[in-house]
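Asks: take this sequence and fold it.
(chains A, B, C, D and E, ligands or ions: 4)
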Amino acid sequence: MPTANATVAFFLIDTMQDFTLAFVLAGQLLIGLDPTLMGIVGLSLAVTGSALLVACLIGFPVGALIGFRQFRGRSFVIVCLNALMGLPPVVVGLLVYMMLSNAGPLGFLQLLYTPSAMIVAQAVLITPIVAALSRQVVETLAREYADTFRTLVVPWPTALLALLRDGRSGLATVALAGFGRAIAEVGAVIIVGGNIAHVTRVMTTSIALETSKGDLALALALGFVLLLIALAVNATVAALSLATREAGHG
Amino acid sequence: MPTANATVAFFLIDTMQDFTLAFVLAGQLLIGLDPTLMGIVGLSLAVTGSALLVACLIGFPVGALIGFRQFRGRSFVIVCLNALMGLPPVVVGLLVYMMLSNAGPLGFLQLLYTPSAMIVAQAVLITPIVAALSRQVVETLAREYADTFRTLVVPWPTALLALLRDGRSGLATVALAGFGRAIAEVGAVIIVGGNIAHVTRVMTTSIALETSKGDLALALALGFVLLLIALAVNATVAALSLATREAGHG
Amino acid sequence: MASIVSTVPFPGRFASAPQVRTSRCQRSLQTVDLGFEAGGKTILDKVSMTLSPSGLTVLLGPNGAGKSVFLRLANGLLLPTRGTVRWGDDRPTDATRLTQSFVFQRPVLLRRSALDNVAFVLKLRGVAEARGKARSLLDAAGLGALADRPARVLSGGEQQRLAIVRALATGPGVLLLDEPTASLDPASVAAVEALIRSAESQGVKVILVTHDVAQARRLAHDVVFLSGGVVREHTAAADFFLSPHSAEARAYLDGRLIPQEETNSC
Amino acid sequence: MASIVSTVPFPGRFASAPQVRTSRCQRSLQTVDLGFEAGGKTILDKVSMTLSPSGLTVLLGPNGAGKSVFLRLANGLLLPTRGTVRWGDDRPTDATRLTQSFVFQRPVLLRRSALDNVAFVLKLRGVAEARGKARSLLDAAGLGALADRPARVLSGGEQQRLAIVRALATGPGVLLLDEPTASLDPASVAAVEALIRSAESQGVKVILVTHDVAQARRLAHDVVFLSGGVVREHTAAADFFLSPHSAEARAYLDGRLIPQEETNSC
Amino acid sequence: AEEKSIIVQSTTSTANSGLFDHLLPLFQQKTGIRVDVVAVGTGQAIKNAANGDGDVLFVHAKADEEKFVAEGNGVERFDVMYNDFVVVGPKADPAGIAGSRDAAAALAKVAAAGAPFVSRGDDSGTHKAELKLWKAAGVDVKAASGGWYRETGSGMGQTLNIAAGMSGYALTDRATWAAFQNKGELTIVVEGDTKLLNQYGIILVNPVKFPRVKAEAGKAFVDWVISDEGQKAIADFKVSGEQVFFPNAKKAGG
Ligand SMILES: Nc1ncnc2c1ncn2[C@@H]1O[C@H](COP(=O)(O)OP(=O)(O)OP(=O)(O)O)[C@@H](O)[C@H]1O
Ligand SMILES: Nc1ncnc2c1ncn2[C@@H]1O[C@H](COP(=O)(O)OP(=O)(O)OP(=O)(O)O)[C@@H](O)[C@H]1O
Ligand SMILES: [Mg+2]
Ligand SMILES: [Mg+2]
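Replies: Ligands and ions are numbered 1, 2, ... in the order given. Prediction:
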C-alpha cells in the first residue's frame, strides 16, 4: 500500500511540524517581547513568587519543627503532611473559591478573580509540599544537632532558626520544588483567578486556553517559555547557593 | 440595609452547605462502595502507581548518580533537573499527545486515550521531580560516604545501590512527593487520556468534570475521597518504613 | 606546670569566662539502681552511686562499657529505663543542663565557622557582643587563626579543641567530658588538663571519661570503674591506681582483655 | 606480648585474612615538592620525601599540622595543588587504592549493621560467602556480639575497632592509619598494635598517624615530623626519640607549644 | 467476544449536558458498539480529529466543521440538532435587561451599564456566537477586556462558575445551563431571540486519509444519530423535565 505509507510519512511530518513550529513561535514570542506575553509572564512570576514566599514562611518552620521535635502523634502528623502533597489543585481551587465567593464567608473581601486569590490558592497548594520536604531535609541535620541542642538547652525558636540556617542548601531545593509545582499549576488558579484576560491570565492558564482552542503549537511554545522562566529562576537560585557553598559552610 | 445583610447570611449558609454536603457525599460515596467510583479509584491508583514505579526506577538512580558523582557540567545538570520540576502538566500532556497521536511518530502503538498513555504522561511529569529530590536527599549521604567509597574503590553501580539502600528513608518521602504530584495531576492525563467514562476517567478528571458541571459539592466530595486515598497510601508507606527504622538502621 | 599553662594553647582563661550560673552551690550526682536498655540489650545495669558535689571523678572502663551512655543519662539526654538519676534533689532537666557543659566523644560542630560555633552558645546565654567575646575566647585558646574557617574543615584535634572552648564558654558548674583529649597533641593535652584543674579548683564538678590511664592518674580524685554496663568499683584515686579492688579494673590497667564471662559487652 | 596477642580482642587473624592483592611487591611512596592549598590557606608546603616500601612510618605533629591531609593526598583522595605523589612509578589511582586500606581519623561506617559493614568490603573484593567470612572476622576480633547492631549505635571505641577490622579484611599491601587507637581501651590498643606489627612483619607498609608518643616509640621504624604543613624532619625512630633534630619536634615531645612564629597552624 | 468501540471527539458543553449519557447506552444496546467520548474545547476537538485521533467529530461550529470536511479530514457533515443560547445574569440585574428578547440590544445595555460580562474567550462555538452578537450590538469588547468584559479562556461550565462567583452576565447554551448545578444568583435574563440558535453537526473522520479510523462503526454511529430512532432519542432527552436539544437532521438533508 504505497499510498498508506506515503500518508503515514506525511502525518509524521505533521505533528513534527507542530513541534518545530512551537520552537519557532517560542523564539518569536521571546524576541518580540510581546507586551501581552510579558504581562502574563510577569503575573505568573508575581503570583507564584508571592505564594512561594508565604509557603516558605509557613512551611519551612513547620517542617523544621516537625523534623526536630519529638511529640506524641508525630508520625501521624508526618503521614498527613506527606498525604497533603497529593492535594489536587482543583480541590484547592474549589475550597478557596467557596471561601472567597460572594456567597462564602470571606466574600466581603472581594478577592475572587484577583491575583490575590490565586496567591492564596497556590500557597495553600504548596505549603504542605514545602513543609513535608523541609521536614525530610531538616530531619537529617536535626538528628545530627539534636543532642548538642538539648545539652545546650537551646530554646526551640533558636534551634529552628539554626536548623533552617545551616540546612539552607537543602531547603533551596525544597523551595524550588514548591516553585515548580506552583508555576506549573493550572487547576487551582483557573478556578479562583478565572483566567481573565489582562487580569488573572497566567502562563499555565494561557497554555490551557491555547490547547482547548486546538492551537497546540502556540500552547507548546508558551510551555517552552514557561520552562525557560523556570530555568532562569533555578539558575539564579543555584548561583546564589553556590556562592554560599563556596564559602565552605555547605 | 437589612435585606443585603440577610442575603449575605443566606450565602454564608449556602457555601457552608456545599461544604458539609461535600462531606456527607464523600461519606456516602465511600460507604456505598459505588462500583463506578471504585473503578475510577482503582484506575487512579493503577495509573499513578505504574507511573511512580517508572519514575522511581529512572529517577532514583539518575538522582543518586548526579548526587554523588563529580563531573563537568554537574551544576548545570542540577539546575536543569530542578527547573524540570516546573514542567507544566498540560505541556507534558501535549508532548505525549503529539508523540502518541495517529499523526505522530508513535501513533502506530495506538496508545492514545488508553491508561498506558496516562502512565507515560505522568511518568514524564514526575521523573524529573523524583530525580531532583533524590539528588538532594542522596547528596547528604553521598558526601558522608564519598571518601570511604573512593578509598575502597567502590565501582559506581555498587556505590549507587549502597546510597539508595542506606538512604531509603529519605527516598520514601521523595517517592511520596512524586506520588502526590501524579495522583493530583489532571492537565496531562485529561489530554492523553481523554477522560473517557469507564476507560480513562480517573479521580482528578472526574473532579474537573464535576467542577465544570457546577456540581461543586460532588467535586469536593471526590476530592476528599482522593485525599483519603493519598492518606492511606502514605500511611502504608510510613508503616513499612517505620518497620525498617525500628530495626535501628534509619 | 603553671609556666606551661600561660603559654599553651589554652591559657587559663576559664576564670574570666562569662559566669552565667546563678547558683554556685553544687549538688551531688546520685544514681539509684540506674539501668538502661536499648536495641534489646542491657547497656547499663543497677548503677547506684553518689559522686561528691565537687572534685574530679574519672570514669574508666573498656570500650563499650557504657561510659558515654552513663554521661548521657546523667545529663538527661537519655532517659533511664530503670532507676533514677538525681542532681541533689532534681532529676536532670533543662534547669540542671543549663549549669552543665557536655563535650561529646564525637563533638558535633554547627555547620558554620569556628567563631560562629562559639558565638552561638554565647548568644544563647544572653551574652552581649557575643561575636567579639567569641573571638577573644578563640584567641585565648590559640585557635584565633581558625576563627573564620568552617568548623567542618578543621582537623580532628582542632575540632575537639573548639568543642572544649565552646563548652567552657558558658561557665558551667558541672563539666561532663567524654574523652576530650583523645585526638590532641601532647601540648594541647597538657593545656586542657590545666584548664580542667583550674575549673575544678574553682569548685566545678568534673566527670571525665578517658582511656589515658596516665591522665586519669594525674587528674582523678576518685575513679568509677565500669565494665559490661556494671560498676565494678568506685574508689578513691590513690587507692585505685595502687591496687584496684576488682579483677576487671586490674585487667584494664594491665592492658589485658577483661574475661568475657563477666561482661556483656564484647 | 605474644601471650597477650592470643587473648586480646584482636587475635592475630590478619595472616588468615583474604589475600586479595595480586602483587605483593611493595612500592615506595615518594613525594616531590608536594603542596596543598584549601580555603585560601597553604595546608601542606614543599613536602619532599621518600618512604621505604616496607616498615612502619609514624607521622607525628601537632593538631592541624597537616597529617590527615597528607594521608589523603597519599591515598589520592585529595589532589595536590603543587608537586607530585608517587607509589613507585604510579600516581595514586584506583589501582593503587585497591592495594591500600585507609582508616580515617573519624571512621565513616555505613548505615547498616556492623556485620554488613565488613561484608560490604568483602563482597566488593569478590569474596565468596562474604557474610559468613565477615562474621568470622568479627568473631576473631572479639566484636562478634556486636555483629547485628547498627554500626551507628556502637560506642566510639567499638566503631574505631570495626573500622580497623573492615580495613584489614581486604588484606591490603599498604595500611594508612589515622590515629587508629585514639578511642581504644589499653587492651584494644595492645591488640591493634599487635595486629599492626603482624601485618608489618608480613611486608605490609604501614603509615601511622598518632599522638600517643609511647605508641610511636613502640612501633616506629622511622618518624616524619610535620608542623605547620612543613616536614621538619624525617629521622630513624631510634634517633628521633633519642634526640630529635628539629626544635619543633623537641617541643612536641616535651608537651610544649610549638612557637607560633614558626608554624602557620594554630 | 471483543468489544467494539469508537472514539467521538466532542465539546465539553455537549458532554456536560448529559446528552451522551442518555444516547450512548441506547446505541450500544442496539449495535454492541461502545462509544468513548473525549470532551474538550471545540478547537481542540477539531484539531484532535484532524490528527486522526478519533472516529467521529460531534461539535457545534458550522464554519469550522465545513472547513474540516473541505480539507479532507472528514467524510461529510450532517446537521444533527440545535439548541439555543440564553443570556444569564444575576437576579439583581444591574443592566436591567431581564425579559428582553433582543439579545444584541440587551448586550448593548450591559456594556452601557458597565456590568460584568463573562465571556468564554476561547474561540469556541459559543464564544463565536457571542462575538457575533456584540458586533450586532456595536460594542468593541476587545477594548473593554479586563474591565467589565471578562474573557475567562475556559470551558462553558467553568465560565458559568466564574459568572456565578462574580455575579456577572454570560452567554451559555441552554443544555449546559439546564444541567449546571452552581447557579447561585444567576438566572436566565434573555432568551427566545432567533439569533441565538446553536446548530450541531456530526462528521465521520476520513478513513481514506486516516487508515486507523474505524469507519464501519463510526459510520454506524453517525447514521444512527441522524436516523429517526436517534433523533427521537435526542428529543426524548430532558434536563429537569425540559427538552434542551431539538433534532433537525432530516431538514438539513441527512
Ligand atoms: N541504641 C543502642 N542500641 C544498641 N546498643 C547500643 C545502643 N546505644 C549504645 N549501645 C551499646 O551500648 C554499649 C555502651 O556504649 P557506650 O557508648 O556507653 O560505650 P563507652 O563505654 O562509651 O565505650 P567507648 O570507650 O568505646 O566510648 C556499646 O556496646 C554500644 O554498642
Ligand atoms: N578545606 C579546608 N579549608 C581550609 N582549611 C582546611 C581545609 N582542610 C583542612 N584545613 C586545615 O588544614 C590543617 C591541617 O589539617 P589536618 O586535618 O591535616 O590536620 P592534622 O595534622 O591531621 O591534625 P589533627 O592532629 O588535629 O588531626 C588544619 O588546620 C585544618 O583546619
Ligand atoms: Mg564512649
Ligand atoms: Mg588528623
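Asks: surely residue A:95 and residue A:124 touch.
Replies: Yes. Look at residue A:95 against residue A:124 with C-beta atoms under 8 Å: they come within range, at 7.3 Å. In short, each C-beta sits where N, CA and C put it, glycine included.
Asks: mutual contacts of these two, please.
Replies: For the pair residue A:95 and residue A:124, no residue contacts each of them under the criterion C-beta atoms under 8 Å, 6 or more residues apart in numbering or on different chains.
Asks: how many neighbours does residue A:91 have?
Replies: Residue A:91 has 27 neighbours, counted by other C-beta atoms under 10 Å in any protein chain shown.
Asks: ok, now which ones touch it?
Replies: The contact partners of residue A:91, by C-beta under 8 Å, 6+ apart, come to B:207, B:219-220, B:223-224, B:226-227.
Asks: can you put the residues you listed in CSV and add distance to residue C:102?
Replies: Output for the contacts of residue A:91, formatted as CSV (distance: C-beta to C-beta, whole Å):
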residue, distance to residue C:102
B:207, 54
B:219, 56
B:220, 53
B:223, 50
B:224, 49
B:226, 49
B:227, 45
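Asks: and which of those is nearest to ligand 2?
Replies: residue B:227 (47.6 Å; C-beta to the nearest ligand atom).
Asks: all helices of chain A, in order?
Replies: Per DSSP state H, chain A carries helices over the ranges A:2-32, A:35-68, A:74-84, A:89-100, A:115-152, A:156-166, A:168-184, A:187-193, A:203-213, A:216-246.
Asks: the shortest one and chain E in contact?
Replies: Looking back up the chat, that one is helix A:187-193. Yes. Using C-beta under 8 Å from any C-beta of the partner chain, helix A:187-193 reaches chain E at A:190-191.
Asks: phi, psi of residue A:194?
Replies: Phi and psi for residue A:194, reported as degrees, to the nearest 10, are phi 80, psi 0.
Asks: what about it, neighbour count?
Replies: Residue A:194: 32 surrounding residues under other C-beta under 10 Å.
Asks: mind listing what it touches?
Replies: With contacts defined as C-beta under 8 Å, 6+ apart, the neighbours of residue A:194 are A:112-113, A:200, E:118, E:150, E:152, E:154, E:162, E:165-166.
Asks: just give me the closest of those residues to residue E:20.
Replies: Distance to residue E:20 across the contacts of residue A:194 (C-beta to C-beta) is lowest for residue E:154, with 20.6 Å.
Asks: low pLDDT regions in the chain?
Replies: Picking chain A for this. Within chain A, the ranges that satisfy pLDDT under 70 run A:1-15, A:244-250.
Asks: look at chain E instead
Replies: Low-confidence segments of chain E, defined by pLDDT under 70, are located at E:1-3, E:250-254.
Asks: just so I have it, where are all the helices in it?
Replies: For chain E, the helices identified by DSSP H occupy E:12-16, E:19-31, E:42-50, E:62-70, E:103-113, E:125-137, E:141-144, E:156-166, E:174-179, E:215-226, E:228-236, in order along the chain.
Asks: quick one: which of these is nearest residue D:99?
Replies: Shortest distance between residue D:99 and those, using C-beta to C-beta, is found for helix E:42-50: 64.9 Å.
Asks: tell me what the closest one is packed against?
Replies: helix A:203-213, strand E:4-11, strand E:33-40, strand E:56-59, helix E:62-70 (3 or more C-beta pairs under 8 Å, 6 or more residues apart in numbering or on different chains; DSSP states H and E).
Asks: farthest pair in the contacts of residue A:91?
Replies: For the contacts of residue A:91, the farthest-apart pair by C-beta to C-beta is B:219 and B:227; their separation is 12.8 Å.
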